[in-house]
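A.B. asks: A predicted structure for the sequence below; I have some questions about it.
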Amino acid sequence: MASPVQQLPPGWAAEWDATNQRYLFIEQASGRAQWEHPMQAPGAPMDPRSASVSPPPAGAVHHAKRRQYAAGQTQAYYGGDSIGPDPGYSAAAAPQPQAQLQQPGAPQQLFTPGLAGENQFAAQQAGGQPSYFPPPQQEYPGYAQQPQQQQQPGANQLADQFGQMNMGMQGGQKPFQLYTTNLLTSPPDPRELYRPPPEVRLPPGASITQSPYAQADASYQRSTLNAIPTTHSLLNKSKIPLALILTPYRSLKEGDEPVPVVADTVIARCRRCRTYINPYVTFIDGGNRWRCCVCGMSNELPQLFDWDAVRNQPGDRWARAELNHAVVEFVAPTEYMVRPPQPAVYVFLIDVSHSAVQSGMVATATRTILENLDRIPNEDQRTKVAIIAFDVSLYFFSMIPGSADSSMLVVSDVDDVFLPKPTDLLVNLHESRAALEQLLGRINDMFQDNHIIGSALGPALQAGFKLMSPIGGEIVVLSSSLPSVGAGALKNREDPKALGTSKESQLLQAASPFYKTFAIECSRAQVSVTMFLFSAAYQDVATLACLPHYTSGQTYFYPAFNASRTEDAVKFAHEFGEVLAMPIMLEAIMRVRASKGLRMASFHGNFFVRSTDLLAMPAVPHDQSYAVEVQIEDNITAPFVVFQTAVLHTTCFGERRIRVVTTALPTTNNLSEVFASADQVALATLLANKAVERSLTHKLEDSRDALFNKMVEILTSYKSSMTAAGAGASAQLAICDNMKMLPVLVLGLLKNVGIRQSAQIPPDLRAYAQALLTTLPSQRLIPYIYPNFYSLHNMPPECGTMGEHGIIMPPSLPLTSERLERHGLFLIEDGQTMFLWVGRDSVPQLIVDVFNLPNYETLRGGKTTLSLLDNPFSQRINAIVEKTREMRRGPYYQQLYVVKEDGEPPLRLWALSCLIQDRADVLPSYQQFISQLKDKVNGAGSY
């Protein structure tokens, strides 16, 4: 806004009164002085902004750039030495000299409108402040008005007016604009899911630097609400759960900013709450101390904080990474270590029973390990490797360093597992490289004629654990059959009669306590387990997935794997290779801290909760997601809150580090802003985790009911609080614009293999789907519950060609079979699988160009590898398929199925089940689902 000096009528002058921190206006002709701006009518309440303008630049004190920072230079954001705003600014227009007198010798205070007193605006409104403001200027974004929009009268309009008057946001930042959508008339638009989350509107001056990286990217940490309610009752009224979705160890794609590393081991932490210094703290006492943004504690700054250890000279603190970046990694000093950093250790347990060898799993696995030996993290040449093969016996391999020879040692007593040799079983990858290469080339031939059926997986796990428990690391299990011998032996409990009934959820729970008990032992010894499962028959994925679940590993499942099908071998080799090459975080522990009044209530994901809020993760893979529910325990008075996730870990190259991810979010006491700040993608990720957990603790049906009821609660709350209908019946089904895709995401969850009501889904497939629902990061989870659907035969000419940001993708279509055409070619993909749907009336030229076949009749459905043909259309289709495989984070490789419109019914139904807006079996279409929600919201469904 323009300064009052520039707005004065002729004959008036303005002088800054330092004592009262405001302008005094003097009529030059008479010498009369007044506080009110001469443009205003006498006695009219004064515009608060003209009373709270910064002093003239001439009055500002400029300090030399030195280590010593002028007292109050950074306090000016908050005023005084307190964490709250200066009480002198929470007055109405009348001057209150006593309240505004400064301490003797105190520095001249700057005022930032964004951090005005807590209830200042409300007090001014009560004092008769007119609701029409003069047009604001850009200098004060906190008061910028949003364009007015025509709204229906009633509570809806009232909420918006409060938003316009800025009574909601505590810090005076730009309010959220709430737009209401009628779900009955606005069909889902897939493009909405790829928009960024609602903007985080922090008060001006919340961050001590202007760095664009001061807020954590949503792919590392995102909240279900980007404006935090100040009270538990306000959060409860909205019915939106408050939670954080974390992916602290996110992989870097091309163009991503690398995480900055603070290598000087100078780590500033709060003495009380142990929060790490970040862009949202405040410097006080001339820059020698800092105030914690989480608990408000005043802390000493480490002496070397302003020292540049590389150049060995004084450094610029404002250039330090931890003050400019919300995601940062500290190299930890020795006090963060219980023992020296461990090397990376990999123990491969390879099933060599008859089915494993015949399916080609053993040959593919050993060849993949051999091809990826150079990719296994081994920068410091400390990485250790062991290989144990098993059927109903255990086969150890002794490799002598420096030699190319290896010998096999057989242990057939699986009831009392022991290591047949104290050394040379777990070997240094660099020193024993020759022996390891020789062995990997021979294992498949050794067991080529093995006719033994059975699996001693439990004893093999115990042997692997004995081998590596003094150090820790990762056990990689490759298993092709149900464990049948020794500890952890399982029975085939698949019961087709139980499917689709209330007993089905029992099949998704662990059948044997061995796996959970063993997993917790592993967690204590810093051992993680990753499972690759291949069985064509029942394998009890639900029980085996316990191991990765409690040890922060991951489960990969290849039903009916057969390496003679190229597509199967390529998928497994790609995913296994990516897992081997992945730089993992070792011996990690994670804790999430939050501002006063907030508490971490429950945790979802693959880890073991060691104490109330300490998560133990022996080896953290890239791109694994976690959800943390947050409770509001006390009323929040601060203008913004801070969430900080810290992961103490050892890198693969033997360095102890702490990865810190910080997110700051504004607070609000306005319900409309709570709704307007909701992040539908984060909400869907949380609901997926909660739905899976509920299906295991209760029943699958309870899980589905809870999802439906949560959607009804949110819609009911929105209708009663934000629309004119209030508690009465309404012809509309209203929701805010930023949540309009939530109902279709919930429908996608209800139709997902992990949750869906069906008597046809094998328990293994369901258990694997549930493992994906709880570990996939949002970027992969959203297509998994709301797939992408493209029309390829009539896509725009630029699609499939190289654009500014890589291959240009076709526009996404709504997920309904109404969009399928009999002469068309369509791609449906859910992040795990791709379907190329070919219409029965496709012209022969299309079949020739894509498949190099003469006509539709000669085309066969099923898994396929598309050939790259010498024509532009084939090249564009191949480019789109490749881009789909590469565009998301994670090791997954999507297989491609050709689906003919009149082809095999199971394959057709599988592809069509991705079109979640259609009716399928007993599950409703999107329109029916919306109608059910409307009836329930209006009360018709409650009788």
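C.D. replies: Thanks, I have it.
A.B. asks: when you work out contacts or count neighbours from here on, use the C-alpha atoms and nothing else.
C.D. replies: Noted.
A.B. asks: packing partners for the lengthiest helix in the chain?
C.D. replies: Using DSSP state H, we find that the single longest helix of the chain is helix 700-722. Applying 3 or more Cα pairs under 8 Å, 6 or more residues apart in numbering; DSSP states H and E, we find helix 700-722 packed against helix 155-164, helix 232-238, helix 671-676, helix 680-697, strand 734-736, helix 742-750, helix 926-937.
A.B. asks: if we go to 6 Å?
C.D. replies: helix 680-697 (3 or more Cα pairs under 6 Å, 6 or more residues apart in numbering; DSSP states H and E).
A.B. asks: who touches the helix it packs on?
C.D. replies: Contact with helix 680-697 is made by 224, 703, 739, 742, 773-774, as judged by Cα atoms under 6 Å, 6 or more residues apart in numbering.
A.B. asks: quick one: that helix to helix 742-750, angle?
C.D. replies: Counting by axes from the mean of the first three to the mean of the last three Cα atoms, to 10 degrees, helix 680-697 lies at 30 degrees to helix 742-750.
A.B. asks: in the stretch 801-943 of the chain, which spans are helices?
C.D. replies: With helices called from DSSP state H, counting those that start in this stretch, the stretch 801-943 of the chain shows them at 844-851, 872-886, 905-912, 926-937.
A.B. asks: need these in CSV (columns: distance to Asn378, mean neighbour count and mean pLDDT).
C.D. replies: Listed next are the helices of the stretch 801-943 of the chain as CSV, based on distance: least, Cα to Cα, whole Å; neighbours: other Cα atoms under 10 Å; pLDDT from 0 to 100:
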stretch, distance to Asn378, mean neighbour count, mean pLDDT
helix 844-851, 43, 18, 91
helix 872-886, 25, 19, 92
helix 905-912, 42, 15, 90
helix 926-937, 51, 19, 91
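A.B. asks: looking at those helices, which is closest to Ser186?
C.D. replies: helix 926-937 (10.8 Å; Cα to Cα).
A.B. asks: what angle do the closest one and helix 742-750 make?
C.D. replies: Using the same axes, to 10 degrees: helix 926-937 against helix 742-750 is 110 degrees.
A.B. asks: distance-wise, check Glu199 relative to Glu673.
C.D. replies: According to Cα to Cα, to the nearest Å, Glu199 stands 12 Å off from Glu673.
A.B. asks: equivalent analysis for Arg659, please.
C.D. replies: Using Cα to Cα, Arg659 is found at 32 Å from Glu673.
A.B. asks: surely Ser720 and Gly728 touch.
C.D. replies: No: with contact defined as Cα atoms under 6 Å, Ser720 does not reach Gly728; the gap is 8.0 Å.
A.B. asks: looking at those two, which one has more neighbours?
C.D. replies: It is Ser720, of Ser720 and Gly728, that has more neighbours when counted by other Cα atoms under 10 Å, with 18 against 11.
A.B. asks: which of Arg659 and Glu673 has more neighbours?
C.D. replies: Neighbour totals were compared for Arg659 and Glu673, and Glu673 leads with 26 against 21 (other Cα under 10 Å).
A.B. asks: re the thing from before, any chance of the contacts of helix 680-697 in CSV, plus distance to Ile471?
C.D. replies: What follows is those, written out as CSV (distance: Cα to Cα, whole Å):
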residue, distance to Ile471
Thr224, 39
Ser703, 40
Met739, 48
Leu742, 45
Leu773, 31
Thr774, 29
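A.B. asks: out of these, which are buried?
C.D. replies: 224, 703, 739, 742, 773-774 (16 or more other Cα atoms under 10 Å).
A.B. asks: and the residues you listed as CSV, adding distance to Leu715 and pLDDT?
C.D. replies: Formatted as CSV, the buried ones among the contacts of helix 680-697 follow (distance: Cα to Cα, whole Å; pLDDT from 0 to 100):
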residue, distance to Leu715, pLDDT
Thr224, 16, 94
Ser703, 19, 89
Met739, 10, 91
Leu742, 10, 93
Leu773, 24, 93
Thr774, 25, 93
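A.B. asks: ok, of the residues you listed, which one's closest to Lys384?
C.D. replies: For those, the nearest to Lys384 is Thr774 (30.5 Å; Cα to Cα).
A.B. asks: and the closest one, helix, strand or coil?
C.D. replies: Taken by DSSP: H, G, I helix; E, B strand; the rest coil, the conformation at Thr774 corresponds to helix.
A.B. asks: list the contacts for it?
C.D. replies: Per Cα under 6 Å, 6+ apart, neighbours of Thr774: 605, 689.
A.B. asks: quick one: the strands in the stretch 751-900 of the chain?
C.D. replies: Ranges of strands within the stretch 751-900 of the chain are 788-791, 802-803, 806-807, 825-829, 833-838, 862-864, 895-900, based on DSSP state E, counting those that start in this stretch.
A.B. asks: out of these, which gets nearest to Gln381?
C.D. replies: strand 895-900 (35.4 Å).
A.B. asks: so for that closest one, mean pLDDT?
C.D. replies: Averaged over strand 895-900, pLDDT sits at 93.
A.B. asks: for that strand, which outside residues touch it?
C.D. replies: Residues contacting strand 895-900 (Cα under 6 Å, 6+ apart): 833-838, 861-864.
A.B. asks: picking up where we left off before, ok, so of the contacts of helix 680-697, who is nearest Gly402?
C.D. replies: Thr774 (44.0 Å).
A.B. asks: residue boundaries of the strands in the stretch 401-550 of the chain?
C.D. replies: In the stretch 401-550 of the chain, the strands defined using DSSP E, counting those that start in this stretch lie at 406-411, 427-428, 473-479, 527-533.
A.B. asks: could you give the number of residues near Phe607?
C.D. replies: 27.
A.B. asks: one step back: format the strands of the stretch 751-900 of the chain as a markdown table; extra columns: mean neighbour count and distance to Ile471.
C.D. replies: Shown next, in a markdown table, are these (neighbours: other Cα atoms under 10 Å; distance: least, Cα to Cα, whole Å):
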| stretch | mean neighbour count | distance to Ile471 |
| --- | --- | --- |
| strand 788-791 | 23 | 44 |
| strand 802-803 | 12 | 48 |
| strand 806-807 | 15 | 43 |
| strand 825-829 | 23 | 41 |
| strand 833-838 | 24 | 38 |
| strand 862-864 | 16 | 42 |
| strand 895-900 | 23 | 37 |
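A.B. asks: adding distance to Glu379, write those strands out as CSV.
C.D. replies: Below are those laid out as CSV (distance: least, Cα to Cα, whole Å):
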stretch, distance to Glu379
strand 788-791, 39
strand 802-803, 35
strand 806-807, 32
strand 825-829, 37
strand 833-838, 35
strand 862-864, 38
strand 895-900, 33
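A.B. asks: what about these, which gets the closest to Gly605?
C.D. replies: Here strand 833-838 is closest among the strands of the stretch 751-900 of the chain (Cα to Cα), at 23.1 Å.
A.B. asks: helices or strands up against that closest one?
C.D. replies: strand 825-829, strand 895-900.
A.B. asks: follow-up on the earlier one: quick one: which two of the contacts of strand 895-900 are the most distant?
C.D. replies: Spatial extent of those (Cα to Cα) is set by the pair Thr833 and Val838 at 16.2 Å.
A.B. asks: would you map the strands across the stretch 101-250 of the chain?
C.D. replies: Counting by DSSP E, counting those that start in this stretch, the strands of the stretch 101-250 of the chain are 180-182, 221-223, 228-229, 243-246.
A.B. asks: what about stretch 750-757, how long is it end to end?
C.D. replies: Note: stretch 750-757 ends 8 Å apart using Cα to Cα.
A.B. asks: what lies in contact with that stretch?
C.D. replies: For stretch 750-757, contacts defined as Cα under 6 Å, 6+ apart pick out 766, 769-770.
A.B. asks: how is the protein divided into domains?
C.D. replies: 1-33, 178-197+679-783+920-942, 229-338+586-678, 345-495+526-583, 787-915 (the TED database).
A.B. asks: who wins for proximity to Glu504 among those domains?
C.D. replies: Minimum separation from Glu504 across those (Cα to Cα) falls at domain 178-197+679-783+920-942, 7.5 Å.
A.B. asks: need the three-state assignment for Ala13.
C.D. replies: strand.
A.B. asks: quick one: it and Tyr23 touch, right?
C.D. replies: No: the pair Ala13 / Tyr23 is not scored as a contact, 9.8 Å apart, by Cα under 6 Å.
A.B. asks: higher neighbour count, the two?
C.D. replies: More crowded of Ala13 and Tyr23, by other Cα under 10 Å: Tyr23, with 25 against 18.
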